[in-house]
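S.K.: Output the structure for:
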Amino acid sequence: MSQKKCPHCGEYVQKNDLTCPKCFREIPRETPAEYKPKKEKKAGNKRHDLIILLSIFPPFFGLLGLGLIYKDPKDKGGYWFLLIGLLIFLPSLWLLFTMLRSGSFSAILLFIALVILTMIYISAAVAALLEALFGSVFKVLRF
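M.R.: The predicted structure is shown next:
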């Protein structure tokens, strides 16, 4: 094993020793020159107010998950919210226009279906907002 000097008392110690056997002081650790820790990109560098705006306003047009996509484009969660939002929003529009052109009994049935789809869409929009703000819906609801 190679040895090095203690910076406090000058005693030779083993290279992997944590303390000096003579003065009992901590020996600073050396990191290998080839080891360079990677700097991780954090999603927290994004503008928080823009994430909120992208999570609140586009859902009025059927676009859920844009806040998540802006926060981390590599995360699949935002794209799943976008797909689910469009799969609920477009049939809701079709139900609305069909309801406006149909008779009274059909309009009542279509209205019930529209209310159900709208409630599902609003809950998905709130889930996308919570996911963008807090990272997980389950953290907020403590599951």
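S.K.: I'd like the average pLDDT over the lengthiest helix in the chain.
M.R.: The residue-count maximum for a helix in the chain (DSSP state H) belongs to helix 104-134. Computed over helix 104-134, the mean pLDDT rounds to 89.
S.K.: Show me which positions of that helix end up buried.
M.R.: Residues 110, 114, 117, 121, 124-125, 127-132 are the ones in helix 104-134 that count as buried (16 or more other Cβ atoms under 10 Å). (Each C-beta comes from the backbone N, C-alpha and C, glycine too.)
S.K.: Quick one: those as JSON lines, columns for distance to residue 94 too.
M.R.: Below are these laid out as JSON lines (distance: Cβ to Cβ, whole Å):
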{"residue": "110", "distance to residue 94": "10"}
{"residue": "114", "distance to residue 94": "10"}
{"residue": "117", "distance to residue 94": "10"}
{"residue": "121", "distance to residue 94": "13"}
{"residue": "124", "distance to residue 94": "18"}
{"residue": "125", "distance to residue 94": "19"}
{"residue": "127", "distance to residue 94": "23"}
{"residue": "128", "distance to residue 94": "22"}
{"residue": "129", "distance to residue 94": "25"}
{"residue": "130", "distance to residue 94": "28"}
{"residue": "131", "distance to residue 94": "27"}
{"residue": "132", "distance to residue 94": "28"}
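S.K.: correct me, but residue 63 touches residue 83?
M.R.: No. Using Cβ atoms under 8 Å, residue 63 is not in contact with residue 83, being 10.8 Å away.
S.K.: quick one: which of those two has more around it?
M.R.: residue 63 (18 against 12; other Cβ atoms under 10 Å).
S.K.: residue ranges with poor pLDDT in this structure?
M.R.: Applying pLDDT under 70 to the chain flags residues 1, 30-46, 137-143.
S.K.: tell me the domain boundaries of it?
M.R.: Here the domain assignment for the chain is 1-32, 45-141, based on automatic domain parsing.
S.K.: Deepest in the core, which of the ones you listed is it.
M.R.: Sort the domains of the chain by mean neighbour count, taking mean count of other Cβ atoms under 10 Å, and domain 45-141 sits at the top with a mean of 16.
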